[in-house]
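A.B. asks: below: sequence and its predicted model.
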Amino acid sequence: MKRNAALSEISDGKFYRSSDLARLDTGGCEGCSACCHGMEETIVLDPYDIYRLDQGTGLSFEQLLDGHAKLKVIDGLILPVLDMCGPENTCTFLDENGWCSIHKARPGICRLFPLGRYYEGNDFRYFLQIHECGRNKAKVRIRSWLDTPNLEQYEDYIRTWHGWTVSLEHFLEGEPDVLRKKVCIFLLEQFYQRAWDPERDFYVQFQERLREAGERLGIAGS
């Protein structure tokens, strides 16, 4: 999701890589779940999020849409977002004590917070959002904070998925609504509704589906 804000207004003015240290560690948050309230439709789910949620909760994509997520037009594409429809506009995965019930399977944007990604061409760097969490934080290695196995492979996947969706946005610019809708439905079917095989490496499956989608739509670089 693109943000219409100057980086100087929302960050400390620095860019980070996963090997860098940044002030992120709140010491466990001590039950604070402020970042899980009022996020509206900003937690956009990518295909790996769906794979991870399926493995961690046993919920299929259709089941996630039945109370935990919803479809939203994001930058011209129809994509799933977490539905903040719990008590007091909270994430539906918060338990009665304000703790995340899916912490091990939480989406990438949740793992990232309060970091954001700044994309430049085919690459991105991290930046620290300074107005999103008011708690005192200690420095921690970003790699550790992201808590994601095979991080380099994951970051390559994020670059690829972001680049491909941007290409798809450009591909659909100026096209009639009927075609745009068909392509968006195909996108959902190809990368979200079709179950991911838990016995196979996700990234291998993703690349296979990406090639299939590129060949079908005629989008280069897939």
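C.D. replies: All right, it came through fine. Numbering: from 1, shown residues only.

A.B. asks: next helix or strand past the helix ranked longest in the chain?
C.D. replies: For the chain, the helix that runs over the most residues, judged by DSSP state H, is helix 151-172. From helix 151-172 onward toward the C-terminus, using DSSP states H and E, the following helix or strand is helix 177-188.

A.B. asks: quick one: mean pLDDT for that following helix?
C.D. replies: When pLDDT is averaged along helix 177-188, the result is 96.

A.B. asks: could you point out which element follows that helix?
C.D. replies: Following the chain from helix 177-188 toward its C-terminal end, the next helix or strand by DSSP H and E is helix 202-217.

A.B. asks: now do that next one: which elements does it pack against?
C.D. replies: Contact here means 3 or more CB pairs under 8 Å, 6 or more residues apart in numbering; DSSP states H and E; on that basis helix 202-217 packs against helix 47-57, helix 151-172, helix 177-188. In this view, the C-beta of every residue, glycine as well, is placed from N, C-alpha and C.

A.B. asks: so where's the chain uncertain?
C.D. replies: Scanning the chain for pLDDT under 70 picks out 1-5, 8, 28, 31, 133-135, 220-222.

A.B. asks: indicate which one of the helices and strands packed on helix 202-217 is closest to residue 14.
C.D. replies: Of all those, it is helix 151-172 that lies closest to residue 14, at 18.3 Å by CB to CB.

A.B. asks: how about the closest one: buried residues?
C.D. replies: Neighbour-count burial for helix 151-172 flags 154-155, 157-165, 167-168, 171-172 (criterion: 16 or more other CB atoms under 10 Å).

A.B. asks: do the same with stretch 180-199
C.D. replies: Of the residues in stretch 180-199, those buried (16+ other CB under 10 Å) are 180, 183, 184, 187, 188, 190, 191, 192, 196.

A.B. asks: using the three-state scheme, assign residue 71.
C.D. replies: Residue 71 falls in the strand class when you classify it by DSSP: H, G, I helix; E, B strand; the rest coil.

A.B. asks: what of residue 125?
C.D. replies: Put simply, residue 125 is strand when judged by three-state DSSP.

A.B. asks: contact partners for it?
C.D. replies: Contact partners of residue 125, counting by CB atoms under 8 Å, 6 or more residues apart in numbering, are 15, 16, 17, 117, 118.

A.B. asks: kindly report the same for residue 194.
C.D. replies: residue 209.

A.B. asks: just the buried members of the contacts of residue 125?
C.D. replies: Using 16+ other CB under 10 Å as the burial test, the contacts of residue 125 include residue 16 as buried.

A.B. asks: beta partners of the nearest residue to residue 88 once chain neighbours are set aside?
C.D. replies: Excluding the flanking residues, the one nearest residue 88 by CB to CB, 6 or more residues apart in numbering is residue 37, at 6.4 Å. Taking DSSP bridges as the rule, residue 37 bridges to residue 90.

A.B. asks: what's the burial count for residue 37?
C.D. replies: 15 (other CB atoms under 10 Å).

A.B. asks: same check on the one 10 residues further on?
C.D. replies: Using other CB under 10 Å, residue 47 has 22 neighbouring residues.

A.B. asks: ok, it to residue 192 distance?
C.D. replies: Separation of residue 47 from residue 192 (CB to CB, to the nearest Å) stands at 6 Å.
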